Each structure stands twice: as structure tokens, then as C-alpha cells.
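**Student:** could you look at this predicted model? Sequence included:
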Amino acid sequence: MKATGIVRKFDENGRFVLPMEIRRQLNLNEPDAALEVFLEGDAIVLKKYAPACIFCGSLEEIVSFRDKKICKKCADKIHILFEE
């Protein structure tokens, strides 16, 4: 993990601002940009959200099926299973 030297306090509603430098570096300025939140021991880890296939983790050719993300390759494999 890389230290940035940036410290932010929470406001009265428990919010904090992610510094512009970090948002620019991760290209988080688009309207649909999002972050995933993870806990790792006593650390909170923020990661740029990228929809990935729930089966293989691929980020390529992702489609939504019943609110789940799945790649075309896995969708094709599932389709073949149900044809047999």
C-alpha cells in the first residue's frame, strides 16, 4: 500500500472528501464512477469499482443478467450446459 500523506476528517454526517488528486489519478470523475469498500483487519480499503463476471472475474464483454454481472464466455458455457 502506498502512503499519500493526505489526512481527511469526517464532517458531522460522517462523510469525508476523497482528494481531487486521487480522483484524477484513478479517473473517478465520470458520473458513473464508483468505489468498492473492503475491510482488511483494521483498515478500510477503497477500490475503483469495475463490474466483473461473478464466475471468472473477467472484465471483458460484461452483461447484466438478473442484476448479476456475467461475461460473454461464461454465458456461452452456461447456455451450452442447458442445451445438452
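**Tutor:** Cool, got the structure.
**Student:** my read: residue 53 touches residue 69, true?
**Tutor:** Yes - contact criterion CB atoms under 8 Å: residue 53 and residue 69 qualify, at 6.0 Å. Yep, even glycine has a C-beta here, placed from its N, CA and C like the rest.
**Student:** between the two, what contacts are shared?
**Tutor:** Taking CB atoms under 8 Å, 6 or more residues apart in numbering as the contact rule, residue 53 and residue 69 both touch residue 62.
**Student:** which one of these two has more residues nearby?
**Tutor:** Between residue 53 and residue 69, residue 53 has the larger neighbour count (other CB atoms under 10 Å), namely 20 against 17.
**Student:** residues contacting the residue nearest in space to the middle of the chain?
**Tutor:** Closest to where the C-alpha atoms of the chain average out (CA atoms, centre = their mean) is residue 49, at 1.7 Å. Residue 49 makes contact with 33, 34, 35, 36 under the criterion CB under 8 Å, 6+ apart.
**Student:** what segments of this structure are helices?
**Tutor:** With helices called from DSSP state H, the chain shows them at 20-25, 72-83.
**Student:** let's have these in CSV, adding mean neighbour count.
**Tutor:** CSV is the format used below for the helices of the chain (neighbours: other CB atoms under 10 Å):
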stretch, mean neighbour count
helix 20-25, 11
helix 72-83, 11
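**Student:** okay, those helices in a markdown table with distance to residue 58 next?
**Tutor:** Listed next are the helices of the chain as a markdown table, based on distance: least, CB to CB, whole Å:
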| stretch | distance to residue 58 |
| --- | --- |
| helix 20-25 | 25 |
| helix 72-83 | 7 |
